[in-house]
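>>> With the sequence up front, the predicted model follows.
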Number of protein chains: 4
Amino acid sequence: MKNTFGSSVSLTLFGESHGAAIGAVIDGIAPGIKIDEDFIRSQLSLRRPVGLISTPRVEPDEFVIESGVFEGKTTGTPICILIPNVNTKSEDYSEIRSKARPGHADYTAYEKYHGFEDYRGGGHFSGRLTAAVVAAGAVALSALKGKGINIGTHIARLAGIADRGFKDYESDIKKLSEMQFAVFDTAAAEKMKEEIIAAKNVGDSVGGVLETAVTGLPAGVGEPWFDSVESLLSHALFSVPAVKGVEFGGGFSLCNMRGSQANDPLRTENGKIFTLTNNNGGINGGITNGMPVVFRCAVKPTSTIHISQQTVDFINMENVDFLAGGRHDPCIVHRARIVVDSITALTLCDILSARFGTDWLAE
Amino acid sequence: MKNTFGSSVSLTLFGESHGAAIGAVIDGIAPGIKIDEDFIRSQLSLRRPVGLISTPRVEPDEFVIESGVFEGKTTGTPICILIPNVNTKSEDYSEIRSKARPGHADYTAYEKYHGFEDYRGGGHFSGRLTAAVVAAGAVALSALKGKGINIGTHIARLAGIADRGFKDYESDIKKLSEMQFAVFDTAAAEKMKEEIIAAKNVGDSVGGVLETAVTGLPAGVGEPWFDSVESLLSHALFSVPAVKGVEFGGGFSLCNMRGSQANDPLRTENGKIFTLTNNNGGINGGITNGMPVVFRCAVKPTSTIHISQQTVDFINMENVDFLAGGRHDPCIVHRARIVVDSITALTLCDILSARFGTDWLAE
Amino acid sequence: MKNTFGSSVSLTLFGESHGAAIGAVIDGIAPGIKIDEDFIRSQLSLRRPVGLISTPRVEPDEFVIESGVFEGKTTGTPICILIPNVNTKSEDYSEIRSKARPGHADYTAYEKYHGFEDYRGGGHFSGRLTAAVVAAGAVALSALKGKGINIGTHIARLAGIADRGFKDYESDIKKLSEMQFAVFDTAAAEKMKEEIIAAKNVGDSVGGVLETAVTGLPAGVGEPWFDSVESLLSHALFSVPAVKGVEFGGGFSLCNMRGSQANDPLRTENGKIFTLTNNNGGINGGITNGMPVVFRCAVKPTSTIHISQQTVDFINMENVDFLAGGRHDPCIVHRARIVVDSITALTLCDILSARFGTDWLAE
Amino acid sequence: MKNTFGSSVSLTLFGESHGAAIGAVIDGIAPGIKIDEDFIRSQLSLRRPVGLISTPRVEPDEFVIESGVFEGKTTGTPICILIPNVNTKSEDYSEIRSKARPGHADYTAYEKYHGFEDYRGGGHFSGRLTAAVVAAGAVALSALKGKGINIGTHIARLAGIADRGFKDYESDIKKLSEMQFAVFDTAAAEKMKEEIIAAKNVGDSVGGVLETAVTGLPAGVGEPWFDSVESLLSHALFSVPAVKGVEFGGGFSLCNMRGSQANDPLRTENGKIFTLTNNNGGINGGITNGMPVVFRCAVKPTSTIHISQQTVDFINMENVDFLAGGRHDPCIVHRARIVVDSITALTLCDILSARFGTDWLAE
């Protein structure tokens, strides 16, 4: 469905980086969920660039809820959230129209859209659209919170610097909700920022790994084979620009374990079932087992750098050098974490509404 | 869609490990594609257990094409392939009905299906169903081959032993098609087998990483955001039992690179555009760039082991020990690679038919 | 999705009239629903041709449940029902390969499948596939019955002869379940049969109108705009071969009413809300209002007749005359009613499971 | 998908009658299609109420294209069209919140959305949203026109008065594009208007039948069983408020014909195949045969009338009388025809793009 994802609860994205507006339509969210515009605003602020470690292009991200909310609550019908583009400088882009920026979608978009694409600032492929994901995700996050389901993402690794892992999931997630730079270990956080600035100073960029935990999901959610929780989440996560890897639980490190280490032993206590380790990331056979769902996303270094690169002028078909102008991020990992939370929340609302019906989120 | 994936070309799976049959329905494949039953058979044989490194349960995998093929060619209407189960021993499983096998879907299936699930041998969650994926995938692989698109998967890592990576994609893929144990480096292959047998000898199991390359895909294929090639492939790949991670191109290793290293410089020669490295795995912005599409899947060690494990009797809600009987695999990585090829081929047929129309695969 | 319909509960059809088998996969039906093979058999017998008013080709319709049923109940995973073709006489068809039978899909299939279609007996377009719909529908009908939802279809008109309409819905639906020829008014039934035989005697065929009622649906089911109950039911009903019109409630006759006549006045009594008339067929704004859902399908006269007709040899591109041989029905209206019940039941299972969750049908 | 329809080309609707705005997102339309804002405006004007025969509420229908258009052409990415609501008078509705207006979705929406729905003026169920369908449809109509595919709808019957049928399809469709009141027979048109005014004068309303023809569709388009042209078109058409019946070709009148009359004889001339009659409405087996696709929609009389009606206060659960205030249409048939054209165009763009690929419409 191209720019629409989800069936019970769906998200439709539209817009271009330098067009009139970007936006999202969320459909199928239960009626009666309180909409807190301040929460949407604060989520958007977590995605916005900050200080020296981000791009100087700062969009105000003023949003308008065009539909689907009445007297402060969801109506159950589609919610369209529009975010007008304000701070656009198209002139930065027009002269480089036919030069493929390495790592970007310029050339692939040209092949797909035959030159009719809005190429300014990445157009429809721009990370700018994730602002609409975040606004929509805020609604989903509120709905999940009402059911005791919480989501948090931290920077597990950035430019080689590692954060500590999740310890107490619930309190860790609470901490993350109050952090602008989502790293538990403050010393690591400082080092990460230094790495970002070091890269920035030479016109370069860095990447990282985001780790996400979801608590409060009931066991027995998800569907076998193609609607597995892993399939649906990874589908959504790989739609986030710059995500090039997704792993659940132990993920790639499971390959070095034996079954006796990788299998999570089960125990029961006080009528609850849990596992002693969580190498399966809370999911067996694609279905939740009641443990926290844990996954990691690889975020590649920002493609735009201020260093000369070899590329191709794909209209004139010739080899050229390319040095990016414009305003850009030396790192987007810290900004992407709220996008990951948001898309995860939307996907889980879809999965849960399919499982328990269209009203469940508001019950 | 639970057990159906794809829209232009779709795959529907059904069956249980110890039921009457398993099977698949492929819909939307172009009319006029030659069906080579010997090729289907040889693909199934690549998935079948072999020798000391696999389970002694060997199903003959005799398949019946019930529909959609006429005079040796696809008709364009749904192809149902049925694989009757023959070598089932249900008695192995009945006594352990309520004990969750660690790493398996027993408990999650129970929570989802409330005890009505066919629990014998993993039921619908059994890796046995991948035989149907392989049979269906053979049709997709043939169709792609006819368009110059080839797919090959090797074992990049197994129990800590690494194979060499892809060098010449086309000839490497050709080599893989002739290997039962898909490892380029024969010394590494021997060591991997030794590791499998070492684990087996102590009742344990091992996992690994599969690396896949697809050549011949035109540039400009895929859709932005939710139908990106990465989103659709990962969706399909995470449906394969035991896959816990998927990464494209550089994947998680990109996190340690700077943008200047991760970006793939573009060059043009003789009217063709290519990149000097392939850290983006042939995909920018979710759309193919004409380079080989390259990805890796983490395959966890087989969950069934012959070592006593802690678990829960989820019906009587008590802690118990569990020691698996039955016939099982000390490793499924070598068998899974043909499943990965197959599901990749089916997904690409879907993507390409959506892009170029329902007849394109046969033109 | 071509041959798959529904999202929460889906039906996938496969097979050709003269191939090895036809069949259906039902996915998403709640676990724990009792499967009564005798009921499936009796439903199939209602679809089968009978006596002088039908084709002499009688398939035994022996079905095999290949998956999704365990210990007599649905497991919640896909149910594949296979019906092998037995009584096929392909030689009847081979000589007329390139002559388009008027009213049939021969020429359109040729244009779509470029000659690779299995043309024997209508191939995949054959009414024969409705046997699989009926077998699958029996499962859905059982599930709905368990929730107090009943469906019945009678022949409202056939060759100009009208039956009486529904009076007491519940008892009328019960009566229909016991009728082979579903007409309330026995005198009208006799006249209809005479018309069928009269047409048959001159090699011709007749059509009719089927009227369906569904009782027991709760109010508030369906979704606005594109998943309206009318949209989804009509989508499914127009997939039944020979259906060329669908109308809900007053349908086309509403066009001759004024609003003051067409609007259904509402009343409440004993805490229940109902309407005094049912011109909207139990649906307002695409959503159920708690009244019986009532609709009618126009079924065109059987296309195959034993009268010479003008047609085209579409391979040799010449005008020819065509006189059908083979075994055929002078009327399919009486056989189609159970197909309408079945596809209606499957669609309602989908709508209800989407609304109330995947377990609701079995609760 | 609730408020999204179509897969290759999809339409997503949002908005409420008295909310901030209504709008549509069209996704999947080929890149490079010229956008003529004047044409969109003129299509919207055909939907707008006119003179004595319509409601005095006249919305200016100023639209904003927020995305997906660049330098006057489609980019291939989602087009969001927003139509702000201006002329809203919410006070008309607040006092009648809990009284179900007969024929409307007030009560069904209340059951579905539990009272959280925006009830003002029908909210999300309002015919007002068809303005967004018309704006989106204008893009689809332009795309089809570029491929030689034309669509026209006339009022076949209104309050018992019949128009003549289509004669020369191409020139008739051209005529319709220039008519505000789409009736071929000018004498019939006058009588229809008199009937509308007569109904209006007593506070009542009238309904009618719309007949649509589509020319220029190639043969071989559509998919068997569930993506048949009839299934997809009827799905979309029944989403249009007030449509209660859909029939193709001869439709319900086929029930009174014999097969020898209903079958369309085929002929060939100059390498083209055609039928002498068009009782199948250009569709056999769900697939186009190259003849004009012809169908009719039953449009019920406007539900809002200025006559006292029996109804229920569904919050207080009591029987009450209801007399509508506000501004309303005595007839919407003449306004609905452009909605039918629009939704038909969007559905055909979906079907054709699925068949021939995402670029076909612009080639």
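Okay, I see it.
>>> For residue A:183, give me phi and psi.
phi -130, psi 130 (degrees, to the nearest 10).
>>> mind checking which helix or strand the closest residue to it other than its chain neighbours is in?
Spatial nearest neighbour of residue A:183, chain neighbours left out: residue A:189 (3.8 Å); criterion: CB to CB, 6 or more residues apart in numbering or on different chains. C-betas here are computed from N, CA, C, even on glycine. Using DSSP states H and E, residue A:189 sits within helix A:186-201.
>>> tell me the mean pLDDT for that helix?
Computed over helix A:186-201, the mean pLDDT rounds to 97.
>>> near chain D, which residues of the stretch 101-250 of chain A show up?
Residues of the stretch 101-250 of chain A lying close to chain D by CB under 8 Å from any CB of the partner chain are A:112, A:113, A:114, A:116, A:117, A:118, A:123, A:124.
>>> Am I right that the fourth one is in contact with residue D:69?
No: using CB atoms under 8 Å, residue A:116 makes no contact with residue D:69, being 9.7 Å away.
>>> Now do the shared contacts for those two.
Residues touching both residue A:116 and residue D:69 by CB atoms under 8 Å, 6 or more residues apart in numbering or on different chains: residue D:75.
>>> And the next helix-or-strand element following the helix holding residue A:189, what does it pack against?
Per DSSP H and E, helix A:186-201 leads on to strand A:208-215 as the next helix or strand towards the C-terminus. Judged by 3 or more CB pairs under 8 Å, 6 or more residues apart in numbering or on different chains; DSSP states H and E, strand A:208-215 is in contact with strand A:150-158, helix A:169-177, strand A:293-299, helix A:333-356.
>>> In contact with the residue in chain A that chain C sits nearest to, which residues are there?
Per CB to the nearest CB, residue A:357 is where chain A lies closest to chain C, at 3.8 Å. Residue A:357 makes contact with C:354, C:355, C:356, C:357, C:360 under the criterion CB under 8 Å, 6+ apart.
>>> and the residue in the stretch 201-350 of chain A positioned nearest to chain D, how many residues sit next to it?
Nearest to chain D in the stretch 201-350 of chain A, going by CB to the nearest CB, is residue A:350, at a distance of 11.5 Å. By other CB atoms under 10 Å in any protein chain shown, the residues close to residue A:350 number 23.
>>> Touching, it and residue A:232? I think so.
Yes: the pair formed by residue A:350 and residue A:232 meets the contact definition of CB under 8 Å, at 7.2 Å.
>>> Residue ranges in the stretch 51-200 of chain A under the pLDDT threshold?
By pLDDT under 70, the low-scoring segments of the stretch 51-200 of chain A are A:56-57, A:88-95.
>>> can you put the helices and strands packed on strand A:208-215 in a markdown table and add distance to chain B?
Converted to a markdown table, the helices and strands packed on strand A:208-215 look like this (distance: least, CB to the nearest CB, whole Å):
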| stretch | distance to chain B |
| --- | --- |
| strand A:150-158 | 6 |
| helix A:169-177 | 19 |
| strand A:293-299 | 4 |
| helix A:333-356 | 8 |
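>>> ok, the most far-flung residue of chain A relative to its centre to residue B:196 distance?
The outermost residue of chain A, judged against the average C-alpha position, is residue A:270 (36.2 Å), by CA atoms, centre = their mean. From residue A:270 across to residue B:196, the span is 40 Å (CB to CB, to the nearest Å).
>>> cool, and residue A:77?
Residue A:77 is 56 Å from residue B:196, where distance means CB to CB.
>>> If you count surrounding residues, which of the two has more?
Of the pair residue A:77 and residue B:196, residue A:77 is the one with more neighbours under other CB under 10 Å, namely 32 against 25.
>>> list the contacts for residue A:2?
B:223, B:224, B:225, B:226, B:227, D:10, D:27, D:28, D:78.
>>> And for whatever residue of the stretch 51-200 of chain A ends up closest to chain B, the neighbour number?
Per CB to the nearest CB, residue A:105 is where the stretch 51-200 of chain A lies closest to chain B, at 2.5 Å. When neighbours are defined as other CB under 10 Å, residue A:105 has 30 of them.
>>> and if you look at residue A:62?
11.
>>> and it, which of the three is it?
Three-state secondary structure (criterion: DSSP: H, G, I helix; E, B strand; the rest coil) places residue A:62 in coil.
>>> my guess is it contacts residue A:83, does it?
Yes: assessed by CB under 8 Å, residue A:62 is found in contact with residue A:83 at 7.1 Å.
>>> and for residue A:350 and residue A:232, which residues touch both?
Overlap of the contact sets of residue A:350 and residue A:232 (by CB under 8 Å, 6+ apart) is empty.
>>> For residue A:235, what is the enclosing helix or strand?
When elements are assigned from DSSP H and E, residue A:235 belongs to helix A:229-237.
>>> What angle do helix B:229-237 and that helix make with each other?
Counting by axes from the mean of the first three to the mean of the last three CA atoms, to 10 degrees, helix A:229-237 points 180 degrees away from the direction of helix B:229-237.
>>> And for the helix or strand just after helix A:229-237, what's in contact with it?
Remark: after helix A:229-237, the chain's next helix or strand is strand A:243-248, criterion DSSP H and E. Outside strand A:243-248, the residues that touch it by CB under 8 Å, 6+ apart are A:230, A:233-234, A:237-238, A:280-281, A:283, A:293-300, A:336, B:230, B:234, B:244-252, B:254, B:280-281, B:298.
>>> For residue A:284, give its distance to chain B.
Residue A:284 sits at a distance of 5 Å from chain B (criterion: CB to the nearest CB, to the nearest Å).
>>> Name whatever forms a beta bridge with that residue.
Residue A:284 has these beta-bridge partners by DSSP bridges: residue A:287.
>>> surely it meets residue B:102?
No: Residue A:284 is beyond contact range of residue B:102, at 9.1 Å (criterion: CB under 8 Å).
>>> So which of the residues of the stretch 101-250 of chain A next to chain D wins on neighbours?
residue A:124 (30 neighbours).
>>> quick one: that residue is in a helix?
Yes: under three-state DSSP, residue A:124 falls within a helix.
>>> Tell me who's in contact with it.
Counting by CB under 8 Å, 6+ apart, residue A:124 makes contact with A:15, A:16, A:17, A:109, A:117, A:118, B:224, D:67, D:68, D:75, D:77, D:78.
>>> could those go into JSON lines alongside secondary structure and distance to chain C?
Shown next, in JSON lines, are those (DSSP: H, G, I helix; E, B strand; the rest coil; distance: CB to the nearest CB, whole Å):
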{"residue": "A:15", "secondary structure": "strand", "distance to chain C": "23"}
{"residue": "A:16", "secondary structure": "coil", "distance to chain C": "26"}
{"residue": "A:17", "secondary structure": "coil", "distance to chain C": "30"}
{"residue": "A:109", "secondary structure": "helix", "distance to chain C": "28"}
{"residue": "A:117", "secondary structure": "coil", "distance to chain C": "28"}
{"residue": "A:118", "secondary structure": "coil", "distance to chain C": "28"}
{"residue": "B:224", "secondary structure": "coil", "distance to chain C": "22"}
{"residue": "D:67", "secondary structure": "coil", "distance to chain C": "21"}
{"residue": "D:68", "secondary structure": "coil", "distance to chain C": "20"}
{"residue": "D:75", "secondary structure": "coil", "distance to chain C": "25"}
{"residue": "D:77", "secondary structure": "coil", "distance to chain C": "21"}
{"residue": "D:78", "secondary structure": "coil", "distance to chain C": "17"}
